[in-house]
Structure formats: structure tokens, C-alpha cells
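1. Show me how the following folds:
(4 chains)
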2 protein chains.
Amino acid sequence: MPRPRAFDEESVLDNAMNIFWSKGFEATSIQDLVNETGLNRASMYASFGDKKALFLRVLDHYSQKISAERFADLRNIEDGRAAIEKTFRDAAKTGTAEGRHKGCLMVNSGMELAPHDPETAAIAHQAFRRAEDTFAAALNRAIGQGKIAKGKNVRALARFLAGSFQGVQLMSRRGADQETLTDYCETILAALD
Amino acid sequence: MPRPRAFDEESVLDNAMNIFWSKGFEATSIQDLVNETGLNRASMYASFGDKKALFLRVLDHYSQKISAERFADLRNIEDGRAAIEKTFRDAAKTGTAEGRHKGCLMVNSGMELAPHDPETAAIAHQAFRRAEDTFAAALNRAIGQGKIAKGKNVRALARFLAGSFQGVQLMSRRGADQETLTDYCETILAALD
DNA sequence: CGTACTTTGGAACGAATGTTCTGTAATTGC
DNA sequence: GCAATTACAGAACATTCGTTCCAAAGTACG
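-> Predicted coordinates for the structure are as follows:
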């Protein structure tokens, strides 16, 4: 019965995500979102609620689309050590390659909003926890495969890797040069020995 | 001849710094600054210029007052290895202790503004470079003292430590619990072996 | 004392903010 | 083809934003 939507919800979320990712929450205006998504103001509010609600939708979208992809190798590569190494080296490469240095939306948002917004804090915390677990799984694989010495504190090492991975995103967004980022990553990986 | 100022420039910068530190640049309004510093709008603009100019003054103030203090031990403790260890452990402690998790203003600002503001990017870059050099000096002391093995790539290790130190600030601001932060720091320090 | 000079308090500015309202367009079931 | 329902387009809303202006207030030298 009703008039059908003239927009694709997923592509709207994609566009909105890119703006929030690039500019941050506060610096992104509704006008920016309207301009970039092509979506009308009224339709935006009707479909997603207010700015904050849209932002939370975007965070979720980011998790499923971007984060999932960034950690795909870490999950899927059977060789646990190789998985960890590829994850970091890819991050260092894309972190300096992409024209705009945007870092990671989850890290950015955690920094900008978490201290004053419990909702975002919870989401960012949960994302970090998931990364930590994924690293822990890869570490356990690597230890089982004899690629990493036994007797290490896996939980602590996983926290170290997850934290350091955030550090890569941070340095990338701040505009660190490739040499610095490479040095940083290789030293992290050397800590596995 | 003129009417004397009714405010102390340093304490105004202190107050302004704390607001920017806590809320970030975009989320801090002039009204916030007026309320918190007690300074009048007109006096603010007359003394510091616009919001951005005040912010840059605040960044400088932060460097001299807070950053300098955070790296004082790293510079002054003769034992290079002990200096590095104390720097990280102190950061982990204060990072979870202070009621509000504010992280490091320089890191926060680098994340929020550097991608779109060359001035802030340059300042943050320079600050990172200074931290890197300070870590390198401590590493060289430690190597000379036999506390760290020779033959390491000091520059890469210094970049690792400087990057990881930013990581501590990041995790602290995001509200990481003390256990996670401790694991993270101790694993970083273990990488010196 | 008065004049030169600067700070101070607070009103005022236009522009931009997030949000809502009003009317018009488009589609499906009857 | 009419009625019901939803989406669209864009004007309109009050509020807040960063910034400027103006008159009153305070001090030091003549």
C-alpha cells in the first residue's frame, strides 16, 4: 500500500559511516549527512531516529562490515602465527596507503565519546573484548602448532596484541609515516618470540 | 596606565586545558570555557584570539606542564631500563586511578583533529617525535648499562615504546580496567628482553 | 583631578545546529 | 479510479554556536 522507499538502507549507512569515520561524531552535522547520503532530512529522522541513534546504527554497521573484514584473516588463517602477522602487516599497509587517514571508527569513537557516553563506551568495550578473544584464539592455535613458545600468558599477550592493534589505528589516523608504522608493527610481532 | 587584568593567564589556561582534555575540541563550547574559567567572553577573545587559537595555546601549555611531567622520570632516572618501566607503570596506574578517564590531550587531539587540521597534526607529530627520542635516549642508557641486550634496533624499539605509550593513554580514555591495562603494560616491558 | 588606555560585563549578531511540521508524490488494496 | 498509507521535498522551528560590539569600570601618569 505505501509508497516504496527510494533509497537503499545499506548504502545510506555506508555513506553515513564514511562521514562519521572521517570527521568524528561531533564534527559531523546533519547537513553533512543529508548532503552525502542524498537522503532527505525527514526520511533520515523517520528511518533512523536522531543523530545519536543513526550513529549507533553506523557503529553496528561498521562492526559487521569493516571490523569483520579486518579480522577475517586473523580468524580464518589456520597458521595462528601467520594470521597474527598478516593482520598487523595489512593494517600497517592500509593505514598509510589510503589517501585519507581515518584509522578505525571504533577506536575513534571510543576516544571521542566513551568517556561521556555509556552506550558508546559499552560498544567499544565489547569490540575490544572481541578482538582480544580473537587474538587469544590465534595465539592458542600458534602455540598448539609450535609456532609460539608454550608457557606464555596467553590472556596478557592477547591484550597486548589487541591494544597494539588499536595503537596502529591511532598512529595511522594521526598520520604517521610508513617507516614509523612498520617499525612499530615489526617490534610488536617480535614480542611473540 | 591601563586597567590591570583581573585574571591569571596560567590558571585560565589550566582550566581551559581541563575542559578540552575532558570533552575534546568540538564538544567544548565557548560557553563552557566562559563558565569554567570565570573569564569574560570579551577578555577571552582579546587575550587569546578565537577558539582555535586558544586551543593551540592550551596544547602548548599541556606540553610544558603535563607531558613534561609524564616524561620527567623517563628523562631523569639514570637507570635507563628502570626509567622506562616506571614511566609505563605510572601511566597504567594514573590511567585507571583518576576518576575521569581523560587519556592524553595530545593523543586525543591528534585523533580528533590531525586528519583535517595541519596545525594540530604538526604539533602532535612533533610531540610523538619528542617522546620517541626520549625513549631512544633511555634505551641507549640501558644498553650502555647492560640492562638491555646490545644489537637491538634502538630506533624501532623507541617507536614501539612511544606508540605503545600512546596505546596506554588510548585504553585508559576508553575506560579499560586495571587488569587489562596492567597486562598490556607488562607485556610491553617484557618485549625489552 | 582628569585624561589616556585597557579590561570587564553583558547584550547583540548572523550563521549553523538538531529537530519537527506541512504539504505533495507515489504506490497498493479495494 | 478512489482511498489509505507511507515516503519525499523543503520550509520552518527554537536553540546554540562562535564572534563582535558597546558602554561602564578601573588604574597610572600628567
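2. per-domain residue ranges of chain A.
-> A:1-65, A:71-193 (automatic domain parsing).
3. Turn those into CSV, columns for mean pLDDT and mean neighbour count.
-> C-beta here means a position set from N, CA and C on the backbone, and glycine is covered the same way. CSV is the format used below for the domains of chain A (pLDDT from 0 to 100; neighbours: other C-beta atoms under 10 Å in any protein chain shown):
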stretch, mean pLDDT, mean neighbour count
domain A:1-65, 94, 16
domain A:71-193, 96, 19
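4. can those domains go into CSV with extra columns for distance to chain B?
-> Listed next are these as CSV, based on distance: least, C-beta to the nearest C-beta, whole Å:
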stretch, distance to chain B
domain A:1-65, 4
domain A:71-193, 4
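5. could these be laid out in a markdown table, adding distance to DNA strand C?
-> Conversion of those to a markdown table gives the following (distance: least, C-beta to the nearest atom of the strand, whole Å):
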| stretch | distance to DNA strand C |
| --- | --- |
| domain A:1-65 | 3 |
| domain A:71-193 | 14 |
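6. Is it possible to get those domains out as TSV so that each row also shows distance to residue B:140?
-> Shown next, in TSV, are those (distance: least, C-beta to C-beta, whole Å):
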stretch	distance to residue B:140
domain A:1-65	38
domain A:71-193	16
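7. out of those, nearest to DNA strand D?
-> The minimum distance between DNA strand D and the domains of chain A falls on domain A:1-65, with 2.6 Å, by C-beta to the nearest atom of the strand.
8. quick check, the closest one touching DNA strand D?
-> Yes. Using C-beta under 7 Å from any atom of the strand, domain A:1-65 comes into contact with DNA strand D via A:1-7, A:39-43, A:46-47.
9. Show me those that map onto helices.
-> A:41, A:42, A:43, A:46, A:47 (DSSP state H).
10. right, and residue A:136 touches residue A:158 too?
-> Yes. Using C-beta atoms under 8 Å, residue A:136 makes contact with residue A:158 at a distance of 3.8 Å.
11. Run through the helices of chain A in chain order.
-> Using DSSP H, helices in chain A cover A:9-23, A:30-37, A:41-48, A:51-62, A:68-70, A:72-76, A:80-97, A:105-112, A:118-144, A:154-174, A:178-190.
12. With distance to residue B:103 as added columns, please give the ones you listed in CSV.
-> Output for the helices of chain A, formatted as CSV (distance: least, C-beta to C-beta, whole Å):
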stretch, distance to residue B:103
helix A:9-23, 20
helix A:30-37, 26
helix A:41-48, 30
helix A:51-62, 20
helix A:68-70, 23
helix A:72-76, 26
helix A:80-97, 20
helix A:105-112, 7
helix A:118-144, 13
helix A:154-174, 11
helix A:178-190, 19
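13. and of the ones you listed, who's closest to residue B:107?
-> helix A:154-174 (7.1 Å; C-beta to C-beta).
14. so how far is that closest one from its chain's centroid?
-> Mean C-alpha position of helix A:154-174 versus that of the full chain (C-alpha atoms, centre = their mean, to the nearest Å) differs by 11 Å.
15. what angle separates it from helix A:9-23?
-> 80 degrees (axes from the mean of the first three to the mean of the last three C-alpha atoms, to 10 degrees).
16. what angle sits between helix A:154-174 and helix B:118-144?
-> 140 degrees.
17. which helices and strands does helix A:154-174 pack with?
-> The elements that helix A:154-174 packs onto, with contact taken as 3 or more C-beta pairs under 8 Å, 6 or more residues apart in numbering or on different chains; DSSP states H and E, are helix A:80-97, helix A:105-112, helix A:118-144, helix A:178-190, helix B:105-113, helix B:118-144, helix B:154-174, helix B:178-190.
18. can I get the ones you listed in CSV with distance to residue A:16?
-> Output for the helices and strands packed on helix A:154-174, formatted as CSV (distance: least, C-beta to C-beta, whole Å):
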stretch, distance to residue A:16
helix A:80-97, 21
helix A:105-112, 11
helix A:118-144, 16
helix A:178-190, 28
helix B:105-113, 19
helix B:118-144, 25
helix B:154-174, 23
helix B:178-190, 31
